[in-house]
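Colleague: sequence below, structure please.
(one chain, ligands or ions: 2)
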Amino acid sequence: MARNTLAAAAETKTTPLGVCAPDDDVLLEASALRKAYGSGDSSVTVLDSVNLSLRAGEMVAIVGPSGSGKSTLLHLLAALDTPTSGTVYFEKKTLETYRDEAVAEFRNRRIGFVWQRHHLLPDFTAAENVAMPLLMRDSSLDSALEVAGRWLKEVGLESRMQHRASQLSGGEQQRVAIARALVGGPSLLLADEPTGDLDERNSSAIMDLIERLHRTHQLTSILATHNPVLAKRCDRILRLEHGLLQPDAVDQQAPSSAVEGEKS
Ligand code: ADP
Ligand code: MG
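Modeller: Ligands and ions are numbered 1, 2, ... in the order given. Below you'll find the model as predicted:
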């Protein structure tokens, strides 16, 4: 269980639905989010009524069976997709009210997204991949590559900067994807199964990295994960099932052991 946010979480007035009371520290909120794909008889409701309140500095895991809508939810929170109904608030402002350019700017500057399949450009170098979000802001190539280099160093890939993404191992590619997500200095990190394709050792190393970056860059983070060991390392666990997001029963039962763990 993570550190300084534990005390903050204890002060959070969490309701049975995992919704925190209104608070100035709330960075992200979702209210009655519904997402249905298709229309008429073929319509499928993936998210029924999702409520979420995330305080600045929290690291939250979203767990749930495959197909439960974890990726769908992360996409809505990142303004990569729009809900059928309901609202996402970022710093109390409704995302819906952003105009197209403002949404693009919001995604580029405020959100760091690690995709379920990392979506690196295989023929570009690690440095070029990481520089991409800065180039989209009209940074010069030299300065974007310089910042990208610093990030690759921070994720332990200093010696791989000039390698093409396709030449990197799965764990290295994921480090590049994390560096690319954070290069623009976002406040919110959304990681969709960041260890999904990795073995146990690499998963643990990637989680160590995410925890370190979360702390040192004062991020607020949501991780969708299948991995219960990784989920337990987050401040709280929310379970997505049958279109609803609720506190995970196992997480609820273990507050004392989590506090014990923090002491060691
Ligand atoms: P998870 O990430 O938990 O595995 P997803 O969010 O990827 O779940 O998918 C939830 C459900 O929504 C699945 O049944 C999936 O087939 C469906 N779905 C996801 N994206 C689309 C789409 N663009 N069109 C239609 N159905 C979709
Ligand atoms: Mg998914």
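Colleague: quick one: contacts for residue 104?
Modeller: With contact set as C-beta atoms under 8 Å, 6 or more residues apart in numbering, residue 104 has no partners. Every residue, glycine included, has its C-beta placed from N, CA and C.
Colleague: in which helix or strand would I find it?
Modeller: helix 100-110 (DSSP states H and E).
Colleague: for residue 212, same thing?
Modeller: Assessed by DSSP H and E, residue 212 sits inside helix 200-216.
Colleague: one step back: can you list the buried residues in the helix holding residue 104?
Modeller: 103, 106, 107, 110 (16 or more other C-beta atoms under 10 Å).
Colleague: circling back: just checking, what packs against the helix holding residue 212?
Modeller: Contacts defined by 3 or more C-beta pairs under 8 Å, 6 or more residues apart in numbering; DSSP states H and E place helix 200-216 against helix 170-182, strand 188-192, strand 220-224.
Colleague: now with 7 Å, please.
Modeller: For helix 200-216, the packing partners by 3 or more C-beta pairs under 7 Å, 6 or more residues apart in numbering; DSSP states H and E come out as helix 170-182.
Colleague: what residues does the stretch 51-200 of the chain put near ligand 2?
Modeller: Within the stretch 51-200 of the chain, the positions lying close to ligand 2 (C-beta under 5 Å from the ion) are 70, 71, 116.
Colleague: confidence score at the last one?
Modeller: Each residue has a pLDDT score; the one for residue 116 is 85.
Colleague: hmm, stretch 37-53 touching ligand 1?
Modeller: Yes: using C-beta under 6 Å from any ligand atom, stretch 37-53 comes into contact with ligand 1 via 37, 46.
Colleague: quick one: contacts of that stretch?
Modeller: 17, 19-20, 26, 29-36, 69, 72-73, 243-245 (C-beta atoms under 7 Å, 6 or more residues apart in numbering).
Colleague: residues in contact with the closest residue to residue 179 other than its chain neighbours?
Modeller: Spatial nearest neighbour of residue 179, chain neighbours left out: residue 151 (4.0 Å); criterion: C-beta to C-beta, 6 or more residues apart in numbering. For residue 151, the contacting residues are 130, 179, 182, 183, by C-beta under 7 Å, 6+ apart.
Colleague: OK, now which residue of this protein is nearest to ligand 2?
Modeller: residue 71 (3.3 Å; C-beta to the ion).
Colleague: show me what contacts that residue?
Modeller: Per C-beta under 7 Å, 6+ apart, neighbours of residue 71: 116, 192, 224.
Colleague: and the gap between it and ligand 1?
Modeller: Residue 71 is 3 Å from ligand 1, where distance means C-beta to the nearest ligand atom, to the nearest Å.
Colleague: thanks a lot, see you next time.
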